[in-house]
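> Need a 3D model of the sequence below.
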Amino acid sequence: MMASGEGGRSGRSGSVRADVAATEDGGPGEQLDNLDEIRQRLQRLREEEHKQDADLRSALSHAGDMEVKIASLQSLQPKLAKLFLTAKDLSEMVGSTCALAENVSSKVRELDMAKGRLQSTIQRVDDLIDLRTCVDGAQAALNQDKFEEAAGHIHRYLNFDQEFLAAAVHNGGAAGSDVADGDGLSVSAETLEAAKRDLEQRIEQRFEAAAASNNAAEVLRYVKLYPLLHLHHQGMHSLCRFLRQRIQHDHDARFRKDEGQRQYVKLLMSLLEQVAKVVEEQEPVVETHFGAGYMPELVKALLQECDVRGGQILDEFLRVRQCDQLLKGTSPRVQSAGGDETPGVDLKMLDGLLGELTQCMSITAMFFRFLSRKMDADQQRVTEAGAVQSGGPPAPKPEFLTTLLRASTFNRQLQELAGQYIALEQHFLVASVRKAIAMQTRQTDGTPVTTVVDDVFFLLQKCCHRAVSSYNPDCVCAMINHVSSTLLTEYLPAIQARAEKGYPTTDLAGVLQSKLQSIGSRNESSSDTATEYLVVMNDTEVSYEYTSKLKNDLSSGIQQKFQHSPAKDKSKLESCVSDLSATANTFQQTLMGFMNELCGKALRSQLRGFVDALPTNSFELSEDDVTGFDGQSPFMASLVTGVQGILRNFKPLLLSNGYNRLVAGLVDQLVVLLEQALGHVSFNRLGGLQFDRDLRSLVTSVSEATQWPVRDKFARLSQVSTLLNLESVAELADYWGPTSGVTWRLSPSEVRKVLSLRTDFSRPDIDKLRL
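Numbering: from 1, shown residues only. Prediction:
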């Protein structure tokens with residue numbers, strides 16, 4: 001029985017395993033031998049069966065609605081059949097309409113093609129008929145010297161389809177019964193060609209006569225006829241030849257008129273103004289009668305005339321002004337540091353020459369800019385037209401004018417002129433700065449600066465603005481570099497040499513008082529080291545401000561003058577101007593060096609005399625002591641009086657910013673000395689309170705003496721005062737830590753050291769602090 005029971009279980013197990021294997025997603029081939037897996041699989045099958053039962057019940061619950069919808073759809077079947085038939089008929093109708101439209105369209109295309117051929121035929125017949133009219137009209141007009149009318153008839157003939165005309169002559173003139181035969185057509189064409197040559201010869205003769213008599217109206221009359229004969233280039237050549245003769249004639253007249261004392265800048269300006277006026281006047285003529293794309297020929301011819309006449313002006317200008325001799329005079333010996341002005345080079349004369357050079361460059365730069373605008377306008381017209389008219393030149397390239405200028409001898413002379421200007425301007429600047437340094441004196445109005453600052457920066461500004469007015473970016477960049485070099489190699493060393501002895505540290509108060517009494521004197525002794533040192537500081541301060549102002553002025557001027565220049569030139573100019581910031585920073589660093597020496601030596605020694613008295617004063621005070629101080633301790637009263645005395649003596653000898661900077665430097669030294677001296681003083685609670693009052697009075701006194709904020713410089717001392725005023729060591733917890741809102745400038749070791757100055761604080765309590 002047991003065996004049979006086991007067999008029965010085994011059989012049922014095998015049956016379940018087989019059923020599961022047959023119904024599983026994995027397929028009938030999958031075998032499940034584990035009883036737990038079989039049970040899990042069976043559970044999932046039961047869940048799926050329940051889900052399907054629920055779906056069937058849901059579907060059966062809607063069976064009535066489904067039957068109603070099916071019945072409704074069945075009732076639509078007859079209507080759909082009728083609609084299908086209607087759609088089929090409509091499709092057939094559309095198809096037939098499309099076929100008809102294609103048929104009509106093809107016939108329309110054929111008609112359009114026939115119409116075009118007919119119009120072409122009619123046009124050619126008209127041309128053949130007009131040919132006779134052109135022959136008769138041209139001959140009659142020539143006999144009566146009516147050149148415009150004759151040119152019009154010949155222009156009509158030249159616009160005929162020449163290939164068709166040649167074919168008509170060859171085929172015997174089969175264009176119509178009213179048209180002459182081939183021989184007649186050939187004779188007419190030959191007659192018109194002969195008339196064209198005759199008219200061209202007559203126009204040339206009349207043009208030459210009008211040009212010889214300088215009759216601009218007649219010249220323009222005959223020039224307009226060339227394009228009608230398809231002689232565009234010949235007409236432009238004749239026009240340019242006449243314009244060049246006219247410019248030459250006027251230039252020679254001006255040259256002879258000023259033969260005694262020529263004003264070369266005025267001559268050059270008159271020449272370029274005349275050329276620009278010619279371009280302005282002839283532009284509409286060329287555009288109207290010759291078409292777009294012919295302005296480059298006019299500009300090229302006029303630039304060639306500028307090469308001759310402008311070169312003549314520049315050559316004589318350089319010869320008369322002896323520029324070569326002046327350039328030889330500006331030898332390296334003159335430019336070397338410490339050299340004297342070259343004998344024979346008159347700076348006043350050189351200044352006038354430099355003005356003429358920049359005017360020449362400025363005039364030509366504006367002239368070339370004018371030509372560039374005209375060329376751009378012509379290029380735009382060519383682009384808008386799409387193509388140059390028949391017989392015209394190819395469209396000018398955008399770099400056409402650049403190529404012309406590169407080949408222009410006049411432009412090359414101007415570039416050489418710019419190089420000479422740069423060399424002469426550099427010499428003028430260096431020599432003038434050295435002269436200003438040698439002639440420097442104290443200002444007569446009592447201002448504690450010398451005249452060299454205003455003189456030098458007036459020269460620098462003059463040279464820079466003169467370079468900017470030349471409209472030449474290379475000249476501007478060169479001059480800016482020369483200005484920076486002159487400031488750093490000529491001017492700044494002269495300032496530093498005046499202060500090389502430093503500031504005297506002995507008897508500071510006596511020196512200042514005596515110099516204060518003699519301020520404004522024009523005969524001050526050169527051995528007055530203290531006053532000279534302070535004046536040097538003032539000169540350096542103003543030099544720093546003037547350098548920054550010069551940079552801003554140059555930036556504004558360049559932006560205005562070169563707003564239409566290429567981006568490459570603008571970038572180069574901006575880079576050169578920005579270099580002046582480094583020069584200004586050099587003056588600022590030099591000034592800080594002077595100030596540090598003054599504060600670190602003279603002022604520090606003077607302040608030390610006051611601060612060293614602090615350890616000799618007791619701050620273990622009683623209430624009677626505090627009451628008797630009347631707000632300030634004797635030490636602080638003496639210190640405040642001493643500081644006020646020092647500042648009072650320096651104030652009339654320094655400029656505003658220099659004085660404020662001196663106060664800031666004095667405070668830096670004073671704070672350091674006070675921190676050092678406090679380490680040797682003992683305090684009690686009342687002593688800490690008194691020190692807080694003393695510190696506040698000192699801060700107030702110094703703050704009132706300057707326009708710059710200095711309270712932050714006392715931050716460490718203020719925190720020392722806070723520590724000395726604690727009632728107990730434990731109270732520090734209210735001021736220390738991230739939640740206190742106080743940013744401590746003192747380190748934990750410094751805090752413990754300050755707390756140890758309080759004689760009533762326990763050392764173990766201080767050591768227990770967790771900082």
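
> Name the spans of the stretch 101-250 of the chain whose pLDDT lies under the cut-off.
By pLDDT under 70, the low-scoring segments of the stretch 101-250 of the chain are 120-121, 123-130, 161-185.

> at 50 instead, please
For the stretch 101-250 of the chain, the stretches flagged by pLDDT under 50 are 173-180.

> what's the strand or helix carrying Leu199 packed up against?
Using DSSP states H and E, the element containing Leu199 is helix 182-212. Helices and strands touching helix 182-212, by 3 or more CB pairs under 8 Å, 6 or more residues apart in numbering; DSSP states H and E, are helix 77-143, helix 147-158, helix 162-171, helix 216-223, helix 232-257. Every C-beta, even on glycine, is put in place using the N, C-alpha and C of the backbone.

> Deepest-packed of the ones you listed, please.
Ranked by mean neighbour count under mean count of other CB atoms under 10 Å, the helices and strands packed on helix 182-212 are led by helix 147-158, which reaches a mean of 21.

> so how far is it off the chain centroid?
Relative to its chain's centre, helix 147-158 lies at 56 Å (CA atoms, centre = their mean, to the nearest Å).

> quick one: it to helix 216-223, angle?
Put simply, helix 147-158 runs at 20 degrees to helix 216-223, going by axes from the mean of the first three to the mean of the last three CA atoms, to 10 degrees.

> where does the protein dip in pLDDT?
Counting by pLDDT under 50, the chain shows low-confidence ranges at 1-29, 173-180, 333-342, 387-391, 507, 509-513, 515-527.

> Make CSV out of the helices and strands packed on helix 182-212 and add distance to Gly557.
Formatted as CSV, the helices and strands packed on helix 182-212 follow (distance: least, CB to CB, whole Å):
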stretch, distance to Gly557
helix 77-143, 62
helix 147-158, 54
helix 162-171, 61
helix 216-223, 41
helix 232-257, 33
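
> Which of the ones you listed sits closest to Glu399?
The closest of those to Glu399 is helix 232-257. By CB to CB, the value is 21.1 Å.

> helices or strands next to that closest one in the packing?
Right, helix 232-257 is packed against helix 182-212, helix 216-223, helix 264-285, helix 295-320 by 3+ CB pairs under 8 Å, 6+ apart.

> ok, the nearest residue to Phe317 once chain neighbours are set aside to Leu314 distance?
Excluding the flanking residues, the one nearest Phe317 by CB to CB, 6 or more residues apart in numbering is Tyr264, at 4.0 Å. Computed as CB to CB, to the nearest Å, the Tyr264 to Leu314 distance reads 8 Å.

> Same question for Val430.
Val430 is 26 Å from Leu314, by CB to CB.

> Distance across stretch 444-458, terminal residue to terminal residue?
18 Å (CA to CA, to the nearest Å).

> What is the burial count for the residue nearest to Gln496 when sequence neighbours are not counted?
Closest residue to Gln496 in three dimensions, ignoring its sequence neighbours and counting by CB to CB, 6+ apart: Thr590, at 6.9 Å. Counted with other CB atoms under 10 Å, residues neighbouring Thr590 total 19.

> cool, and Asp315?
By other CB under 10 Å, the residues close to Asp315 number 11.

> And Glu675, by the same measure?
Based on other CB under 10 Å, the number of other residues close to Glu675 is 16.

> buried set for whatever helix or strand it lives in?
Glu675 belongs to helix 656-678 when elements are defined using DSSP H and E. Across helix 656-678, burial judged by 16 or more other CB atoms under 10 Å covers 657-671, 673-675, 677-678.

> and Ile646, how many neighbours?
Neighbours around Ile646, by other CB under 10 Å: 22.

> Quick check: which element contains it?
Going by DSSP H and E, Ile646 is in helix 634-650.
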